[in-house]
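Engineer: what follows is a predicted structure for the sequence shown.
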Amino acid sequence: MGNDLVLQAGTAGRRLPAALRDPWLAIFLALAALNLAWAATGTAPAAVRALWQWSPALLRGLAMNIQLSVLAMALGTLAGLVVGAASLSPSPLLRRLTRAYVLLFRNAPILVLVYFTTYVFPFELKLGGWNLPFPDWIKVVIGLGLPASANVAEIFRGAIQSIPSAQWEAAQSLAFRRSQIFRMIVLPQCLRRMLPSWMNLYASITMSTSLASLVGVHDLVDVATVASNTVSRTDFTILVYFTLLALFFAYCYPIARWTRYLERRHEHY
């Protein structure tokens, strides 16, 4: 027992340095240490001091981008699962309609879809005697959710078709109903196979939220643009847009690492 505890502690100790050897984590820690040194000594460059002042606004802008990406993926996932299931329908007409939907929105530029939903939908909805606002950020969610739904539909269809037919036949021989086979046998395997592709898609949608600033949404890119125009310094402009890239990277990089981990883990099943 004591030897097992020693072995587990040794294994855990070997894992920690591997995480700390990540080069991007080392860069982040070095930048954090540099900023702390500047703050402690009061020797920070003027551009860095201006960036500190704008940091709360930049983080609020990033929160808007994250909100857009989460809502767009939620909408796209729900719609994609419905479309993906319909693409496997025995009805030829329904299969053709879903195929046309997937082809249309998978091959349409995301910027075009964002502009399309922004200007096609009204600025407010009239329901009876009520005028309800229809803000631009909701239109951006729809514009990003459309290509997400088409991609999720293909991911879902591919996951279902990757399940060997022998599993369906074996379950049917055990008197399982088709709904039970799908819910208890097929769906759990599909979710595991879909997750890496779904996470890659989410990272892509998150980066596409930077287009929201083009239609008036006050996101991270818009805040960076306002900050650059307000401070009006070349060094600050370079720094603020570098920070914009760093914030997107800091959010999406862990998703990419986790996706690779899940892909390697899936290979062992």
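Structural biologist: Perfect, I can see it now.
Engineer: could you use CA atoms for every contact and neighbour count after this?
Structural biologist: Will do.
Engineer: restricting to C-alpha, output the helix or strand hosting A100 in PDB.
Structural biologist: According to DSSP states H and E, A100 maps onto helix 92-106. What follows is helix 92-106, C-alpha atoms only, in PDB (Å, rounded to 0.1, in the frame of the first residue of the first chain):
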ATOM      1  CA  PRO A  92     -35.800  10.800 -50.400                       C
ATOM      2  CA  LEU A  93     -37.400  14.200 -50.400                       C
ATOM      3  CA  LEU A  94     -36.400  15.000 -46.800                       C
ATOM      4  CA  ARG A  95     -32.800  13.700 -47.500                       C
ATOM      5  CA  ARG A  96     -32.600  16.000 -50.600                       C
ATOM      6  CA  LEU A  97     -33.800  19.000 -48.600                       C
ATOM      7  CA  THR A  98     -31.400  18.500 -45.800                       C
ATOM      8  CA  ARG A  99     -28.500  17.900 -48.200                       C
ATOM      9  CA  ALA A 100     -29.400  21.200 -49.900                       C
ATOM     10  CA  TYR A 101     -29.400  23.000 -46.600                       C
ATOM     11  CA  VAL A 102     -26.000  21.600 -45.600                       C
ATOM     12  CA  LEU A 103     -24.400  22.400 -49.000                       C
ATOM     13  CA  LEU A 104     -25.800  26.000 -48.900                       C
ATOM     14  CA  PHE A 105     -24.700  27.000 -45.400                       C
ATOM     15  CA  ARG A 106     -21.400  25.000 -45.400                       C
END
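Engineer: show residues contacting it.
Structural biologist: 83-84, 86-89, 146-147, 150-151, 153-154 (CA atoms under 8 Å, 6 or more residues apart in numbering).
Engineer: and which of those residues is nearest V48?
Structural biologist: P147 (38.3 Å; CA to CA).
Engineer: returning to what we had before: would CSV of the contacts of helix 92-106 with pLDDT, distance to P122 and neighbour count be doable?
Structural biologist: Formatted as CSV, those follow (pLDDT from 0 to 100; distance: CA to CA, whole Å; neighbours: other CA atoms under 10 Å):
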residue, pLDDT, distance to P122, neighbour count
V83, 94, 26, 26
G84, 90, 29, 27
A86, 90, 30, 19
S87, 89, 31, 23
L88, 84, 35, 15
S89, 84, 34, 13
L146, 96, 18, 28
P147, 96, 21, 28
A150, 96, 24, 28
N151, 96, 27, 24
A153, 95, 28, 28
E154, 94, 31, 21
